[in-house]
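Chemist: mind looking at a prediction? Sequence and model below.
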Amino acid sequence: MARPSAPVPIPAALQDRLRTQLGTEAEALLAALDMPTPVSIRLNPAKPVDLGGTAIPWCATGRYLAERPVFTLDPLLHAGCYYVQEAASMLLEQAFAASGLAGQDIAALDLCAAPGGKSTHLAALLTPGSLLVSNEVERKRQPALLENVWKWGRMGHVVTGDTPERFAALGPFFDLIVVDAPCSGEGMMRKDPFAREQWSPKLVARCAATQHAILDQAWCALAPGGTLIYSTCTWSSEEDDGALEHLYTLGALPVALPDLSAFGVVRKTHGAVAYPHRLKGEGFFIGLVRKPGERRPREPRANVPDRLAHQGIVHRVQPAWAQQVAQFCATVRTLAAGTPWSAVGPDGGEVPQPAAAYTGTTLEHAADLPVDRAQALTFLRGEALRLGDAPAGSWRRITYAGHGLGFVRGAGNRWNNQLPAAWRIRMR
(Lines give C-alpha, C1' and ligand atoms only; values in the text may rest on other atoms or scores of the structure.)
Protein backbone atom coordinates (compact mmCIF):
# COMPACT_ATOMS: atom_id res chain seq x y z
CA MET A 1 0.00 0.00 0.00
CA ALA A 2 1.34 3.38 -0.98
CA ARG A 3 2.08 5.77 1.86
CA PRO A 4 0.12 9.04 1.90
CA SER A 5 2.16 11.87 0.46
CA ALA A 6 3.58 14.39 2.88
CA PRO A 7 1.77 17.76 2.96
CA VAL A 8 3.26 20.52 0.83
CA PRO A 9 5.11 22.81 3.26
CA ILE A 10 4.03 26.41 3.77
CA PRO A 11 6.50 28.58 1.79
CA ALA A 12 9.20 29.98 4.04
CA ALA A 13 8.65 33.51 2.73
CA LEU A 14 4.99 33.31 3.71
CA GLN A 15 5.86 31.99 7.16
CA ASP A 16 8.11 35.02 7.62
CA ARG A 17 5.31 37.33 6.47
CA LEU A 18 2.82 35.82 8.89
CA ARG A 19 5.25 36.08 11.80
CA THR A 20 5.74 39.75 10.97
CA GLN A 21 1.96 40.29 10.82
CA LEU A 22 0.91 38.20 13.82
CA GLY A 23 3.99 37.83 16.02
CA THR A 24 3.93 34.75 18.22
CA GLU A 25 0.32 34.06 17.19
CA ALA A 26 1.63 33.01 13.77
CA GLU A 27 2.69 29.63 15.14
CA ALA A 28 -0.90 28.79 16.09
CA LEU A 29 -2.06 29.79 12.59
CA LEU A 30 0.63 27.69 10.89
CA ALA A 31 -0.33 24.70 13.04
CA ALA A 32 -4.01 25.18 12.17
CA LEU A 33 -3.18 25.02 8.45
CA ASP A 34 -2.21 21.37 8.91
CA MET A 35 -5.46 20.46 10.71
CA PRO A 36 -8.57 18.94 9.05
CA THR A 37 -10.96 21.34 7.35
CA PRO A 38 -14.37 21.83 9.04
CA VAL A 39 -17.42 20.68 7.06
CA SER A 40 -20.02 23.38 6.53
CA ILE A 41 -23.09 23.98 4.39
CA ARG A 42 -25.55 26.81 3.78
CA LEU A 43 -29.24 25.95 3.58
CA ASN A 44 -31.58 27.30 0.90
CA PRO A 45 -34.43 29.07 2.76
CA ALA A 46 -36.68 28.62 -0.28
CA LYS A 47 -36.30 24.82 -0.05
CA PRO A 48 -36.51 23.97 3.65
CA VAL A 49 -34.92 20.72 4.82
CA ASP A 50 -33.57 19.59 8.19
CA LEU A 51 -30.00 18.32 7.87
CA GLY A 52 -29.03 18.72 11.50
CA GLY A 53 -25.66 20.18 12.38
CA THR A 54 -24.78 23.17 14.56
CA ALA A 55 -25.33 26.83 13.70
CA ILE A 56 -22.67 29.04 12.16
CA PRO A 57 -23.11 32.18 14.29
CA TRP A 58 -22.56 34.77 11.56
CA CYS A 59 -24.89 33.17 9.00
CA ALA A 60 -28.55 32.42 9.74
CA THR A 61 -28.66 29.48 7.32
CA GLY A 62 -25.11 28.19 7.85
CA ARG A 63 -24.50 24.84 9.52
CA TYR A 64 -21.44 22.88 10.62
CA LEU A 65 -21.69 19.13 10.08
CA ALA A 66 -19.99 16.71 12.47
CA GLU A 67 -18.58 14.69 9.58
CA ARG A 68 -18.42 14.93 5.81
CA PRO A 69 -21.18 12.90 4.15
CA VAL A 70 -20.99 11.66 0.57
CA PHE A 71 -22.53 14.81 -0.86
CA THR A 72 -22.55 13.38 -4.38
CA LEU A 73 -25.09 10.76 -3.34
CA ASP A 74 -27.50 13.16 -1.65
CA PRO A 75 -30.42 14.08 -3.94
CA LEU A 76 -31.12 17.15 -1.77
CA LEU A 77 -27.79 18.65 -2.81
CA HIS A 78 -28.65 18.15 -6.47
CA ALA A 79 -32.07 19.72 -5.85
CA GLY A 80 -30.42 22.91 -4.59
CA CYS A 81 -31.62 22.53 -0.99
CA TYR A 82 -28.19 23.50 0.30
CA TYR A 83 -24.77 24.58 -0.90
CA VAL A 84 -21.48 23.17 0.40
CA GLN A 85 -19.53 26.26 1.39
CA GLU A 86 -16.62 27.21 3.57
CA ALA A 87 -17.93 28.84 6.75
CA ALA A 88 -15.81 32.01 6.88
CA SER A 89 -16.94 33.09 3.41
CA MET A 90 -20.50 33.23 4.80
CA LEU A 91 -19.41 36.49 6.49
CA LEU A 92 -20.90 38.03 3.35
CA GLU A 93 -24.17 38.04 5.29
CA GLN A 94 -22.72 40.42 7.89
CA ALA A 95 -21.35 42.74 5.22
CA PHE A 96 -24.71 42.81 3.44
CA ALA A 97 -26.44 43.68 6.73
CA ALA A 98 -23.98 46.54 7.22
CA SER A 99 -24.75 47.89 3.74
CA GLY A 100 -28.21 49.05 4.81
CA LEU A 101 -29.73 47.54 1.65
CA ALA A 102 -31.56 44.63 3.27
CA GLY A 103 -35.29 44.65 2.61
CA GLN A 104 -35.05 46.95 -0.42
CA ASP A 105 -35.50 46.10 -4.09
CA ILE A 106 -32.07 46.72 -5.60
CA ALA A 107 -29.87 45.83 -8.55
CA ALA A 108 -26.97 43.62 -7.43
CA LEU A 109 -23.92 42.33 -9.30
CA ASP A 110 -21.61 39.50 -8.26
CA LEU A 111 -18.71 40.38 -10.54
CA CYS A 112 -16.39 37.37 -10.01
CA ALA A 113 -19.07 34.80 -9.29
CA ALA A 114 -17.94 31.22 -10.08
CA PRO A 115 -18.60 28.68 -8.74
CA GLY A 116 -21.58 30.41 -7.15
CA GLY A 117 -21.17 30.51 -3.37
CA LYS A 118 -21.57 34.28 -3.01
CA SER A 119 -24.26 34.39 -5.70
CA THR A 120 -26.47 31.75 -4.10
CA HIS A 121 -25.99 33.48 -0.76
CA LEU A 122 -27.05 36.81 -2.27
CA ALA A 123 -30.00 35.07 -3.90
CA ALA A 124 -31.22 34.15 -0.43
CA LEU A 125 -30.52 37.58 1.12
CA LEU A 126 -32.05 39.84 -1.55
CA THR A 127 -35.74 40.67 -1.75
CA PRO A 128 -37.71 38.74 -4.41
CA GLY A 129 -38.08 42.02 -6.31
CA SER A 130 -34.33 42.62 -6.59
CA LEU A 131 -32.30 42.01 -9.74
CA LEU A 132 -29.30 39.71 -9.31
CA VAL A 133 -26.63 39.44 -12.01
CA SER A 134 -23.82 36.89 -11.60
CA ASN A 135 -20.80 37.27 -13.86
CA GLU A 136 -17.81 35.04 -14.58
CA VAL A 137 -15.32 35.96 -17.28
CA GLU A 138 -13.40 32.63 -17.30
CA ARG A 139 -15.26 30.32 -19.66
CA LYS A 140 -14.09 27.08 -18.04
CA ARG A 141 -15.67 28.23 -14.76
CA GLN A 142 -19.00 29.32 -16.23
CA PRO A 143 -20.70 25.87 -16.40
CA ALA A 144 -20.37 25.38 -12.64
CA LEU A 145 -21.80 28.84 -11.99
CA LEU A 146 -24.79 28.19 -14.23
CA GLU A 147 -25.51 24.81 -12.66
CA ASN A 148 -25.31 26.14 -9.11
CA VAL A 149 -27.44 29.24 -9.57
CA TRP A 150 -30.05 27.33 -11.59
CA LYS A 151 -30.32 24.61 -8.97
CA TRP A 152 -30.64 27.24 -6.24
CA GLY A 153 -33.83 28.22 -8.04
CA ARG A 154 -34.12 32.04 -7.82
CA MET A 155 -36.46 33.17 -10.58
CA GLY A 156 -35.01 35.68 -13.03
CA HIS A 157 -31.36 35.23 -11.98
CA VAL A 158 -29.22 36.68 -14.79
CA VAL A 159 -25.84 35.09 -15.58
CA THR A 160 -23.22 36.83 -17.71
CA GLY A 161 -19.71 36.02 -18.89
CA ASP A 162 -17.90 39.23 -19.69
CA THR A 163 -15.04 41.43 -18.55
CA PRO A 164 -15.41 44.08 -15.84
CA GLU A 165 -14.84 46.72 -18.52
CA ARG A 166 -18.13 45.78 -20.17
CA PHE A 167 -19.98 46.45 -16.93
CA ALA A 168 -18.23 49.78 -16.57
CA ALA A 169 -19.58 50.60 -20.03
CA LEU A 170 -23.13 50.21 -18.66
CA GLY A 171 -22.53 53.22 -16.44
CA PRO A 172 -23.35 53.60 -12.72
CA PHE A 173 -26.29 51.19 -12.48
CA PHE A 174 -25.85 48.70 -9.62
CA ASP A 175 -26.82 49.46 -6.02
CA LEU A 176 -24.65 46.60 -4.74
CA ILE A 177 -21.53 45.05 -6.26
CA VAL A 178 -19.71 42.11 -4.71
CA VAL A 179 -16.10 41.59 -5.79
CA ASP A 180 -14.81 38.28 -4.44
CA ALA A 181 -11.48 38.89 -6.10
CA PRO A 182 -8.97 36.40 -7.50
CA CYS A 183 -6.18 36.33 -4.95
CA SER A 184 -3.00 34.58 -3.81
CA GLY A 185 -5.03 32.05 -1.81
CA GLU A 186 -3.20 32.09 1.52
CA GLY A 187 -6.43 31.37 3.36
CA MET A 188 -7.07 28.19 1.35
CA MET A 189 -3.79 26.48 2.19
CA ARG A 190 -5.38 24.07 4.65
CA LYS A 191 -7.51 22.36 2.00
CA ASP A 192 -5.75 23.19 -1.28
CA PRO A 193 -2.13 21.98 -1.75
CA PHE A 194 -1.92 23.94 -5.01
CA ALA A 195 -2.36 27.18 -3.05
CA ARG A 196 0.85 26.31 -1.21
CA GLU A 197 2.68 25.35 -4.38
CA GLN A 198 1.81 28.49 -6.35
CA TRP A 199 2.35 31.10 -3.63
CA SER A 200 5.15 33.65 -3.98
CA PRO A 201 5.65 37.36 -3.28
CA LYS A 202 5.43 37.92 -7.04
CA LEU A 203 2.02 36.24 -7.12
CA VAL A 204 0.83 38.56 -4.34
CA ALA A 205 1.97 41.58 -6.33
CA ARG A 206 0.28 40.33 -9.52
CA CYS A 207 -2.96 39.64 -7.69
CA ALA A 208 -2.95 43.08 -6.07
CA ALA A 209 -2.54 44.72 -9.48
CA THR A 210 -5.38 42.62 -10.91
CA GLN A 211 -7.63 43.45 -7.98
CA HIS A 212 -7.06 47.19 -8.43
CA ALA A 213 -7.93 46.92 -12.13
CA ILE A 214 -11.15 45.01 -11.35
CA LEU A 215 -12.14 47.52 -8.68
CA ASP A 216 -11.58 50.46 -11.06
CA GLN A 217 -14.19 48.99 -13.41
CA ALA A 218 -16.56 47.93 -10.64
CA TRP A 219 -16.49 51.45 -9.24
CA CYS A 220 -17.68 52.82 -12.60
CA ALA A 221 -20.64 50.39 -12.55
CA LEU A 222 -21.67 51.28 -8.98
CA ALA A 223 -24.53 53.75 -8.65
CA PRO A 224 -24.26 56.82 -6.41
CA GLY A 225 -25.05 55.82 -2.84
CA GLY A 226 -24.36 52.20 -3.70
CA THR A 227 -22.25 49.72 -1.74
CA LEU A 228 -19.28 47.64 -2.88
CA ILE A 229 -18.38 44.54 -0.84
CA TYR A 230 -14.82 43.31 -1.38
CA SER A 231 -13.49 39.95 -0.23
CA THR A 232 -10.54 37.61 -0.71
CA CYS A 233 -9.34 34.31 0.73
CA THR A 234 -5.95 35.73 1.66
CA TRP A 235 -4.29 37.61 4.52
CA SER A 236 -1.94 39.69 2.42
CA SER A 237 -2.16 43.36 3.39
CA GLU A 238 -1.45 44.34 -0.22
CA GLU A 239 -4.55 42.44 -1.35
CA ASP A 240 -6.81 43.29 1.59
CA ASP A 241 -6.28 46.69 3.19
CA GLY A 242 -4.42 47.77 0.06
CA ALA A 243 -7.45 47.13 -2.12
CA LEU A 244 -9.77 49.17 0.10
CA GLU A 245 -7.20 51.97 0.28
CA HIS A 246 -7.21 51.97 -3.52
CA LEU A 247 -10.99 52.43 -3.44
CA TYR A 248 -10.57 55.38 -1.10
CA THR A 249 -8.43 57.09 -3.74
CA LEU A 250 -11.44 56.78 -6.06
CA GLY A 251 -13.63 58.57 -3.53
CA ALA A 252 -15.06 55.60 -1.61
CA LEU A 253 -16.40 56.11 1.90
CA PRO A 254 -15.66 53.43 4.52
CA VAL A 255 -18.52 51.40 6.00
CA ALA A 256 -17.94 49.64 9.31
CA LEU A 257 -18.70 45.97 9.82
CA PRO A 258 -20.36 44.92 13.08
CA ASP A 259 -18.10 43.79 15.89
CA LEU A 260 -17.67 40.04 15.33
CA SER A 261 -14.82 39.50 17.79
CA ALA A 262 -16.99 37.19 19.88
CA PHE A 263 -16.93 34.77 16.93
CA GLY A 264 -13.15 35.02 16.48
CA VAL A 265 -13.26 37.49 13.59
CA VAL A 266 -10.45 40.05 13.79
CA ARG A 267 -10.83 43.69 12.81
CA LYS A 268 -8.23 45.02 10.42
CA THR A 269 -7.58 48.62 9.47
CA HIS A 270 -10.21 48.61 6.75
CA GLY A 271 -12.19 45.40 7.16
CA ALA A 272 -12.30 42.10 9.01
CA VAL A 273 -10.31 38.89 8.70
CA ALA A 274 -10.86 35.26 9.60
CA TYR A 275 -7.98 33.05 10.71
CA PRO A 276 -8.50 29.27 11.04
CA HIS A 277 -6.85 29.15 14.46
CA ARG A 278 -9.43 31.61 15.81
CA LEU A 279 -12.64 30.25 14.26
CA LYS A 280 -14.03 27.17 12.51
CA GLY A 281 -13.36 28.16 8.94
CA GLU A 282 -10.69 28.98 6.39
CA GLY A 283 -8.83 32.25 5.81
CA PHE A 284 -10.98 35.12 4.59
CA PHE A 285 -11.02 38.91 4.38
CA ILE A 286 -14.04 41.15 3.84
CA GLY A 287 -14.72 44.88 3.84
CA LEU A 288 -17.15 47.31 2.28
CA VAL A 289 -17.35 50.89 1.06
CA ARG A 290 -20.06 53.25 -0.12
CA LYS A 291 -20.05 55.50 -3.18
CA PRO A 292 -20.82 59.15 -2.42
CA GLY A 293 -24.18 60.47 -3.53
CA GLU A 294 -27.84 59.78 -2.94
CA ARG A 295 -29.20 56.42 -3.98
CA ARG A 296 -32.29 56.58 -6.16
CA PRO A 297 -35.15 54.26 -5.21
CA ARG A 298 -36.13 51.81 -7.91
CA GLU A 299 -39.55 52.49 -9.40
CA PRO A 300 -41.76 49.49 -10.27
CA ARG A 301 -42.89 49.15 -13.87
CA ALA A 302 -46.40 48.05 -14.73
CA ASN A 303 -47.63 45.89 -17.60
CA VAL A 304 -44.20 44.52 -18.47
CA PRO A 305 -43.95 40.90 -19.68
CA ASP A 306 -42.16 38.39 -17.46
CA ARG A 307 -40.63 36.47 -20.38
CA LEU A 308 -37.83 37.39 -22.72
CA ALA A 309 -36.44 35.48 -25.68
CA HIS A 310 -32.66 35.11 -25.80
CA GLN A 311 -30.69 32.85 -28.16
CA GLY A 312 -33.79 30.86 -29.07
CA ILE A 313 -34.82 30.19 -25.45
CA VAL A 314 -37.63 31.82 -23.51
CA HIS A 315 -36.35 33.10 -20.16
CA ARG A 316 -38.42 34.01 -17.13
CA VAL A 317 -37.45 37.49 -15.94
CA GLN A 318 -38.64 39.86 -13.24
CA PRO A 319 -41.05 42.26 -14.98
CA ALA A 320 -39.69 45.31 -13.16
CA TRP A 321 -36.23 44.65 -14.65
CA ALA A 322 -37.09 43.34 -18.12
CA GLN A 323 -35.98 46.51 -19.89
CA GLN A 324 -32.60 46.56 -18.12
CA VAL A 325 -32.06 42.86 -18.78
CA ALA A 326 -32.68 43.43 -22.49
CA GLN A 327 -30.00 46.13 -22.37
CA PHE A 328 -27.57 43.68 -20.74
CA CYS A 329 -28.15 41.26 -23.58
CA ALA A 330 -27.22 43.98 -26.06
CA THR A 331 -24.13 45.16 -24.17
CA VAL A 332 -22.74 42.29 -22.08
CA ARG A 333 -22.11 38.67 -23.09
CA THR A 334 -25.19 37.09 -21.51
CA LEU A 335 -25.29 33.38 -20.71
CA ALA A 336 -28.80 33.41 -19.25
CA ALA A 337 -31.11 36.43 -19.49
CA GLY A 338 -33.06 35.10 -16.51
CA THR A 339 -34.26 31.60 -15.74
CA PRO A 340 -34.18 29.52 -18.97
CA TRP A 341 -37.74 28.27 -19.21
CA SER A 342 -38.67 26.68 -22.53
CA ALA A 343 -37.78 26.29 -26.19
CA VAL A 344 -39.53 25.03 -29.30
CA GLY A 345 -38.63 21.42 -30.11
CA PRO A 346 -38.10 19.91 -33.59
CA ASP A 347 -41.75 18.80 -33.62
CA GLY A 348 -42.96 22.27 -32.72
CA GLY A 349 -43.77 21.29 -29.13
CA GLU A 350 -42.59 23.06 -25.99
CA VAL A 351 -39.34 21.73 -24.49
CA PRO A 352 -38.76 22.64 -20.82
CA GLN A 353 -35.27 23.86 -19.99
CA PRO A 354 -33.28 22.24 -17.15
CA ALA A 355 -33.30 25.35 -14.94
CA ALA A 356 -37.11 25.37 -14.81
CA ALA A 357 -37.10 22.16 -12.77
CA TYR A 358 -35.55 23.83 -9.71
CA THR A 359 -37.70 26.95 -9.29
CA GLY A 360 -40.41 25.39 -7.14
CA THR A 361 -42.97 26.89 -9.50
CA THR A 362 -45.88 24.88 -10.85
CA LEU A 363 -45.03 24.10 -14.48
CA GLU A 364 -47.60 24.34 -17.22
CA HIS A 365 -45.73 21.91 -19.46
CA ALA A 366 -44.60 19.20 -16.99
CA ALA A 367 -46.50 17.71 -14.06
CA ASP A 368 -44.52 16.52 -11.04
CA LEU A 369 -43.49 12.86 -10.74
CA PRO A 370 -42.36 12.04 -7.16
CA VAL A 371 -39.62 9.43 -6.59
CA ASP A 372 -37.93 7.80 -3.61
CA ARG A 373 -34.21 8.04 -2.88
CA ALA A 374 -33.20 4.96 -4.91
CA GLN A 375 -35.19 6.19 -7.90
CA ALA A 376 -33.74 9.68 -7.47
CA LEU A 377 -30.20 8.30 -7.65
CA THR A 378 -31.12 6.28 -10.73
CA PHE A 379 -32.35 9.48 -12.33
CA LEU A 380 -29.25 11.44 -11.25
CA ARG A 381 -27.07 8.81 -12.93
CA GLY A 382 -28.81 9.62 -16.20
CA GLU A 383 -30.77 6.39 -16.49
CA ALA A 384 -34.31 5.93 -17.74
CA LEU A 385 -37.09 5.36 -15.20
CA ARG A 386 -39.90 2.82 -15.39
CA LEU A 387 -42.66 4.32 -13.30
CA GLY A 388 -46.00 3.23 -14.71
CA ASP A 389 -47.54 4.72 -17.83
CA ALA A 390 -45.27 7.11 -19.76
CA PRO A 391 -47.33 8.72 -22.56
CA ALA A 392 -45.08 9.26 -25.58
CA GLY A 393 -43.83 12.83 -25.87
CA SER A 394 -45.16 13.95 -22.48
CA TRP A 395 -42.93 15.70 -19.93
CA ARG A 396 -42.65 15.22 -16.16
CA ARG A 397 -40.58 16.92 -13.50
CA ILE A 398 -38.88 14.43 -11.19
CA THR A 399 -39.23 15.49 -7.55
CA TYR A 400 -37.61 14.11 -4.41
CA ALA A 401 -38.98 15.13 -1.00
CA GLY A 402 -40.98 17.78 -2.84
CA HIS A 403 -37.97 19.36 -4.58
CA GLY A 404 -37.31 19.30 -8.31
CA LEU A 405 -34.40 17.27 -9.71
CA GLY A 406 -34.91 17.53 -13.48
CA PHE A 407 -37.08 16.36 -16.35
CA VAL A 408 -37.99 13.10 -18.05
CA ARG A 409 -39.91 12.51 -21.29
CA GLY A 410 -42.35 9.74 -21.89
CA ALA A 411 -41.55 6.95 -24.37
CA GLY A 412 -44.53 4.65 -23.78
CA ASN A 413 -42.97 2.07 -21.48
CA ARG A 414 -40.35 4.26 -19.79
CA TRP A 415 -39.41 7.82 -18.92
CA ASN A 416 -36.31 8.91 -20.84
CA ASN A 417 -33.83 10.94 -18.83
CA GLN A 418 -33.37 14.61 -19.79
CA LEU A 419 -30.82 15.59 -17.14
CA PRO A 420 -27.84 17.37 -18.77
CA ALA A 421 -24.97 14.93 -19.20
CA ALA A 422 -22.52 17.15 -17.31
CA TRP A 423 -24.76 17.11 -14.23
CA ARG A 424 -25.06 13.32 -13.98
CA ILE A 425 -23.31 11.48 -11.17
CA ARG A 426 -20.95 8.60 -11.83
CA MET A 427 -20.55 7.34 -8.28
CA ARG A 428 -22.29 4.13 -7.22
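Modeler: Structure received. In this text, all values refer to a predicted model and were calculated from it rather than measured experimentally. Numbering: from 1, shown residues only.

Chemist: same for the longest strand along the chain, what does it pack against?
Modeler: Assignment by DSSP state E gives strand 222-232 as the longest strand of the chain. Packing partners of strand 222-232 (3 or more C-beta pairs under 8 Å, 6 or more residues apart in numbering; DSSP states H and E): helix 92-99, strand 174-180, helix 201-221, helix 241-249, strand 284-290. (Glycine included, C-beta is placed from N, CA and C.)

Chemist: tell me what the next helix or strand after the fourth one is packed against?
Modeler: In other words, helix 241-249. Moving toward the C-terminus from helix 241-249, the next helix or strand (DSSP states H and E) is strand 253-255. Secondary-structure packing of strand 253-255 (3+ C-beta pairs under 8 Å, 6+ apart): strand 284-290.

Chemist: show me what the next helix or strand after the strand it packs on is packed up against.
Modeler: Sequence-wise, the next helix or strand downstream of strand 284-290 (DSSP H and E) is strand 307-310. If contacts are counted by 3+ C-beta pairs under 8 Å, 6+ apart, strand 307-310 sits against strand 313-316, helix 322-331.

Chemist: flag the shaky bits of this structure, pLDDT-wise.
Modeler: Across the chain, the ranges flagged by pLDDT under 70 are 1-6, 300, 302-303.

Chemist: tell me how it divides into domains.
Modeler: 8-342, 366-428 (automatic domain parsing).

Chemist: of those, which approaches T359 most closely?
Modeler: With C-beta to C-beta as the measure, domain 8-342 is the member of those nearest T359 (4.9 Å).

Chemist: for that closest one, measure first residue to last.
Modeler: Using C-alpha to C-alpha, to the nearest Å, one end of domain 8-342 lies 48 Å from the other.

Chemist: wouldn't I229 be in contact with A97 here?
Modeler: No - checked against C-beta atoms under 8 Å, the pair I229 and A97 is beyond contact range at 10.9 Å.

Chemist: before we move on, the earlier item: quick one: distance of the longest strand of the chain to the chain centre.
Modeler: Offset of strand 222-232 from its chain centre (C-alpha atoms, centre = their mean, to the nearest Å): 17 Å.

Chemist: return the list of strands paired to that strand, each annotated with direction.
Modeler: strand 174-180 (parallel), strand 284-290 (antiparallel) (DSSP bridges).

Chemist: and those: which comes nearest P305?
Modeler: For the strands paired with strand 222-232, distance to P305 was read as C-beta to C-beta. The smallest value, 23.3 Å, belongs to strand 174-180.

Chemist: so for the helix or strand just after that closest one, what gets flagged as buried?
Modeler: From strand 174-180 onward toward the C-terminus, using DSSP H and E, the following helix or strand is helix 193-198. Using 16 or more other C-beta atoms under 10 Å as the test for burial, helix 193-198 gives A195, R196.

Chemist: now render the strands paired with strand 222-232 as TSV, adding distance to D372.
Modeler: Shown next, in TSV, are the strands paired with strand 222-232 (distance: least, C-beta to C-beta, whole Å):
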stretch	distance to D372
strand 174-180	38
strand 284-290	39
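
Chemist: so can I have TSV of the ones you listed showing distance to E147 and mean neighbour count?
Modeler: TSV is the format used below for the strands paired with strand 222-232 (distance: least, C-beta to C-beta, whole Å; neighbours: other C-beta atoms under 10 Å):
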stretch	distance to E147	mean neighbour count
strand 174-180	18	25
strand 284-290	24	25
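
Chemist: so what's S236 up against?
Modeler: R17, C183, S184, E186, V204, C207, A208, G242 (C-beta atoms under 8 Å, 6 or more residues apart in numbering).

Chemist: narrow those residues to those that are buried.
Modeler: Among the contacts of S236, the ones that count as buried by 16+ other C-beta under 10 Å are R17, C183, S184, E186, V204, C207, A208.

Chemist: neighbour count for I229 and A97, which is higher?
Modeler: Shown here are I229 and A97; by other C-beta atoms under 10 Å, I229 has more neighbours (25 against 14).

Chemist: how close does that one get to P182?
Modeler: According to C-beta to C-beta, to the nearest Å, I229 and P182 sit 16 Å apart.

Chemist: could you count how many residues lie near A123?
Modeler: As a burial measure, A123 scores 24 neighbours (other C-beta under 10 Å).
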